[in-house]
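J.: Here is the input, now give the coordinates:
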Amino acid sequence: MRYESLAMDTAWQRFEKSRRNSQSIIEPQMRALELACPVLNLAVESVHFAAEIAALQPDLDADDRIALIVLVLISLAALQEGSTQFPVLGPLSELPMQRVVNTLCSGFGPGSVVLVVKRIERLITQRRAPAVIGYHANDYKPLLFLAPYIIHHRINHAEREVAARLAAMLLLRGTAQFDAARVRTALDEVMARPIVVNGVAISLSYEQRRAVAAVTGAGLTIISGGPGTGKTSIVLAILRLMVYLGISPTQIALAAPTGKAAYRMGESIRDALGGLSARDPIDQAIVDANLEPATIHRLLGYSPESNRFRHHRNNQLAAKVVIVDEGSMLDLILMEHLASAIQPDARLIVLGDADQLPSVAAGSVFRDLVTPAGGSSTKLTEASVRLEENHRMKQGNAGGRSILRAANRIKAGNVELLNMIDQSANQIATRRNSPAELTFDGFEYLAATPRALGTFLDRWYDERLRSDGELDSLIGRQYVQRDSGFDPEDCERLRRLFAHAAKSRILCVTRVFETGAERINARFHERAAANAGVAGGRVEYVVGEPLIVLRNDYQRGLFNGDEGIRLWVRRADRVQIPMAVFPRGDNFVAFHFDALREHLELGYAMTVHKAQGSEFDAVAIVLPENPIPILTRELIYTAVSRARTSVVVVGDEARLREAIASPVERFSGLASMIDAAISG
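T.: Prediction:
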């Protein structure tokens, strides 16, 4: 092991010294665990951490000690996979334990997996590690066994805190409860003045109206719906309803987990308000308030330097209504901070798509709150609204309808997607034998060998990225940035350029491998460099290439996932230089490239996780060559539902079938804890 390099007296070192052995008898097993950890997305150092925890219980024999180390690693792997708890005993644990222990202990030798599982069971049931494992929720131990689950003490505390606060919101009454007659009158006022998009009045459907009305009940409302179900219209209707009911617009906070999602939320609201033919005092008050959605971190005043939030349980937000979009991205710890910072009589409204990918970090908060049919909590069921009717695909868009049908089949777990005939139209998915056959309309599938993938990428670059005849002139021109921003003429050109860049996107399952975003971006970079007459290996970025921001930069107002373009820009009387240009409200903003270089990467292709909250006309989904755990039903559904008119799935059909048959499995106790908090 590598503990001697830590230059500190660790618990493990003290344990080893007390044994007075020249070499640990379990060292080979520890090394085998080190080799296995990366497969579960765990750092090699996790083995050291697990050994440190196990060393807190000094009176264990070698079999029990390795079992305890493996148990700690199982709990860490569960967190990496997004679970807040993990079943380790009983029927529920059989398959999950077999999968994880098989991976961790593959280097232990024949028959070792069964023995390790039995040792873990004995360790827990006979309470052989009381210094490490607690058996009650209030025990202050690193791990808790709350049958049949193992859970980290910190995570259990966070889950119970969130459950208690959300339960209190569900029980909210008194001053927060609006008079029913007043609500009906306000709803009628909102419905009588629909928003107008492209000259068409958008009236709320019955289920949308029901969702809007739900926010006047308890202090917590959860609204789930897929693309095209009208969540943006609902947000504006909720804003208008709250103001009609006497809530000042300045007491309403808008937020999302990511900067991209927050920007899109604000853009949608501004467009909807701008579509009103005439504004009454309520609408004008909302416009005058200039509500600007923020990331949840910014809303709560997060400080990276101190790693603390300004708003918390002892310094809560002033907002009486907090509306959060893209709720599927909420992880447990972020939800804990948010729920703690909301006043007891305020309302929390969370919108999202429960069928999309859950948060990257541990927890499936939004999915836990969208109670399935037959859910045990009446209060939670009453506060949860599902939107099923799709409004986007009513406009005669045949390609869009094909994508919607495919997304619904994927969501339902139908692995026969490529062989199905829809009764109301034609085939749901169209097989293509070569990239030349693709029409980029509706849902298409292309079986791709590595050679076929290369041919497909070349066609994508030529037809989807470079086919616009105006593109070269827009990329090659000089844009002038003044103190007030770019001139109207330049803004219009930039809008056309960004609109073209936003039409098409390749989505990958991973960043790495031949089918990952990094390799595909590098391939397109070579093409762009060749078009510019330079060697791709000599320049990192070419003028005209799309960019994506990797992390939040509050000073510059850039956020993880923001998309820009490298262009020639001149400021005042200075010489033109290549700069990174990004949309900013109705205008654009440019930054010196060197200042952002470490925060940027090419944006031709991105991971599906990075694409959450985005929409494109055409999407290509490139599947990995080999099975990987993160290739799930939710990932495919999320990728497909990013597209408006065209989806091309490129890869082995077996990978697609495996993904559709593999829903995300996350173990969480939040819903049951909310039930217990309400009933208790």
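J.: From now on I want contacts and neighbour counts done on CA atoms only, so please keep to that.
T.: Fine.
J.: How is L497 classified with respect to secondary structure?
T.: helix (DSSP: H, G, I helix; E, B strand; the rest coil).
J.: swap that for G82, sorry
T.: coil.
J.: Check I506 too.
T.: Under three-state DSSP, I506 comes out as strand.
J.: what about the stretch 501-650 of the chain, any weak spots by pLDDT?
T.: Scanning the stretch 501-650 of the chain with the threshold set as pLDDT under 70 gives 536-537.
J.: quick one, strands of it?
T.: Secondary structure of the stretch 501-650 of the chain (DSSP state E, counting those that start in this stretch): strands at 504-508, 546-549, 563-571, 577-584, 587-592, 600-602, 605-607, 616-622, 643-650.
J.: and what of the stretch 251-400 of the chain?
T.: Along the stretch 251-400 of the chain, the stretches classed as strands by DSSP E, counting those that start in this stretch are 252-256, 294-295, 302-303, 308-309, 321-324, 347-352, 384-387.
J.: that older thread, now render the strands of the stretch 501-650 of the chain as TSV, adding mean neighbour count.
T.: Formatted as TSV, the strands of the stretch 501-650 of the chain follow (neighbours: other Cα atoms under 10 Å):
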stretch	mean neighbour count
strand 504-508	25
strand 546-549	23
strand 563-571	22
strand 577-584	20
strand 587-592	18
strand 600-602	21
strand 605-607	25
strand 616-622	23
strand 643-650	26
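J.: Of all the ones you listed, which one is nearest N41?
T.: strand 605-607 (16.9 Å; Cα to Cα).
J.: where do the helices sit along the stretch 201-350 of the chain?
T.: 206-214, 231-244, 259-274, 281-289, 296-299, 332-340 (DSSP state H, counting those that start in this stretch).
J.: Actually, the stretch 1-150 of the chain.
T.: Using DSSP H, counting those that start in this stretch, the helices of the stretch 1-150 of the chain run over residues 11-19, 27-36, 45-54, 62-80, 94-104, 112-125.
J.: Make CSV out of these and add mean pLDDT and mean neighbour count.
T.: Output for the helices of the stretch 1-150 of the chain, formatted as CSV (pLDDT from 0 to 100; neighbours: other Cα atoms under 10 Å):
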stretch, mean pLDDT, mean neighbour count
helix 11-19, 54, 15
helix 27-36, 88, 18
helix 45-54, 92, 20
helix 62-80, 93, 22
helix 94-104, 91, 17
helix 112-125, 92, 18
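J.: wouldn't R657 be in contact with L418 here?
T.: No - judged on Cα atoms under 8 Å, R657 makes no contact with L418 at a distance of 9.2 Å.
J.: Relative to Y149, which of the helices of the stretch 1-150 of the chain is closest?
T.: Minimum separation from Y149 across the helices of the stretch 1-150 of the chain (Cα to Cα) falls at helix 62-80, 9.6 Å.
J.: Show me the one of the helices of the stretch 1-150 of the chain that comes nearest F616.
T.: Closest approach to F616 among those (Cα to Cα): helix 62-80, 29.7 Å.
J.: What helices and strands are in contact with that closest one?
T.: If you count contacts as 3 or more Cα pairs under 8 Å, 6 or more residues apart in numbering; DSSP states H and E, helix 62-80 packs onto helix 45-54, helix 94-104, helix 112-125, strand 149-152.
J.: quick one: strands adjacent to the shortest one?
T.: Just to be clear, that refers to strand 149-152. Strand 149-152 pairs in its sheet with strand 86-87 (antiparallel), strand 143-146 (antiparallel), by DSSP bridges.
J.: so which of the ones you listed is the most packed in?
T.: The highest mean neighbour count among these, using mean count of other Cα atoms under 10 Å, belongs to strand 86-87: a mean of 26.
J.: What's the mean pLDDT across that one?
T.: The predicted model gives strand 86-87 an average pLDDT of 96.
J.: ok, the nearest residue to S384 once chain neighbours are set aside - contacts?
T.: The shortest distance from S384 to any non-neighbouring residue, by Cα to Cα, 6 or more residues apart in numbering, is to I222 (4.6 Å). I222 sits next to I349, V350, L351, F366, L369, V370, A383, S384, V385 when contact means Cα atoms under 8 Å, 6 or more residues apart in numbering.
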